[in-house]
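Q: what would the 3D arrangement of this be:
(one chain, ligands or ions: 2)
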Amino acid sequence: QVASPVPQGPNKWHEQFPIAKGQRQSPIDIVTSNAKVDKALSDNPLKVSYSNNCCQSVTNTGASFQVVVDGAGTEISGGPLDSTYKLVQFHAHWGPLGGDEGSEHTVDGVTYPAELHLVHWNQKYKDVGEAVDKPDGLAVIGVFFSRGKEHAGFKPISDLFAKVPRKADKVDISFNYDPACLLPARRDYWTYLGSLTTPPLFESVTWIVMKDPVEVSAEQLAALRNLLWETPSGEGQMCNNYRPPQPLQGRLVRST
Ligand SMILES: NS(=O)(=O)c1ccc(B(O)O)cc1
Ligand SMILES: [Zn+2]
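A: Ligands and ions are numbered 1, 2, ... in the order given. Presented below is the predicted three-dimensional model:
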């Protein structure tokens, strides 16, 4: 059969997705001194209410792991959001084994070893397929992972990666799991208007990037490499699946 083409790297995406050079691309480097504290964000706090039985399965998408969520009862609102958004999936991006690069967003040029993305869609649309390319269609909460002590809340998920080594592999989540356990205790964040960080790169994301990282162990970061993907020299450990920061194009980054 015809081998599926090895995915092209970020610097070639613009050939097939011209929006890669658009005006509101993600990720970005967050220059903390340029972020503007907006009282309105604290006056109407971001509300995260996830249920603890919303996670259905973990799959290997060929570009990351993805925990598929049944959106029932998993809603966020407030903060920068003018509507209620529902969680549909979460995944991550990471770097090489033991390295400190891997996050997509950077903070004053500083990278983290990984970044988690909790993807939500605007309930004003009929489904995520309709929302995915609308300017207010998606809201993604980004959480930086730092290397440190084991994250007990992430362990039930990181233990499943070895069960989905290949693209399209999928394992059901039979236990109760509340993704809110992956959020840092301090809920301060930066927010700005951006895009999907992988093709099709739609400029449809209100980004909410948590200021505090959460600690995960070196073993949990290493477990991400139980996921395999296609490389130019055949199947290999999935890593460096992050897009580097893109031009800010004059956008404002707000802060709580
Ligand atoms: N990496 S990301 O959170 O910006 C993201 C989210 C969703 C999709 B997608 O539904 O294709 C792609 C990228
Ligand atoms: Zn992502």
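Q: enumerate the residues of the stretch 1-150 of the chain near ligand 1.
A: For the stretch 1-150 of the chain, the residues in contact with ligand 1 (C-beta under 6 Å from any ligand atom) are H117, V119, V132, V140. Backbone N, C-alpha and C define where each C-beta goes, glycine included.
Q: enumerate every residue touching the residue in the stretch 1-150 of the chain that ligand 1 sits nearest to.
A: Nearest residue of the stretch 1-150 of the chain to ligand 1 (C-beta to the nearest ligand atom) works out as H117 at 3.7 Å. H117 makes contacts with F90, H91, A92, H93, V140, I141, G142, T197, as judged by C-beta atoms under 8 Å, 6 or more residues apart in numbering.
Q: redo that, cut-off 6 Å
A: For H117, the contacting residues are H91, V140, G142, by C-beta atoms under 6 Å, 6 or more residues apart in numbering.
Q: which parts of the stretch 101-250 of the chain are strands?
A: Using DSSP state E, counting those that start in this stretch, the strands found in the stretch 101-250 of the chain span residues 106-107, 114-122, 138-147, 170-172, 189-194, 205-210, 214-216, 228-231, 234-237.
Q: okay, now the unreliable bits of this structure?
A: 1-5 (pLDDT under 70).
Q: center of it - which residue?
A: Most central in the chain under C-alpha atoms, centre = their mean is H117, positioned 1.9 Å from the mean C-alpha point.
Q: the closest residue to that residue other than its chain neighbours: what's it in contact with?
A: Spatial nearest neighbour of H117, excluding adjacent residues (C-beta to C-beta, 6 or more residues apart in numbering): V140 at 5.2 Å. Contacts of V140 were listed using C-beta under 6 Å, 6+ apart, and they are H117, V119, V205, W207.
Q: what bridges to the first one?
A: Spelled out, it's H117. H91, G142 (DSSP bridges).
Q: cool, and the third one?
A: Listed beta-bridge partners, V205: L138, G194 (assigned using DSSP bridges).
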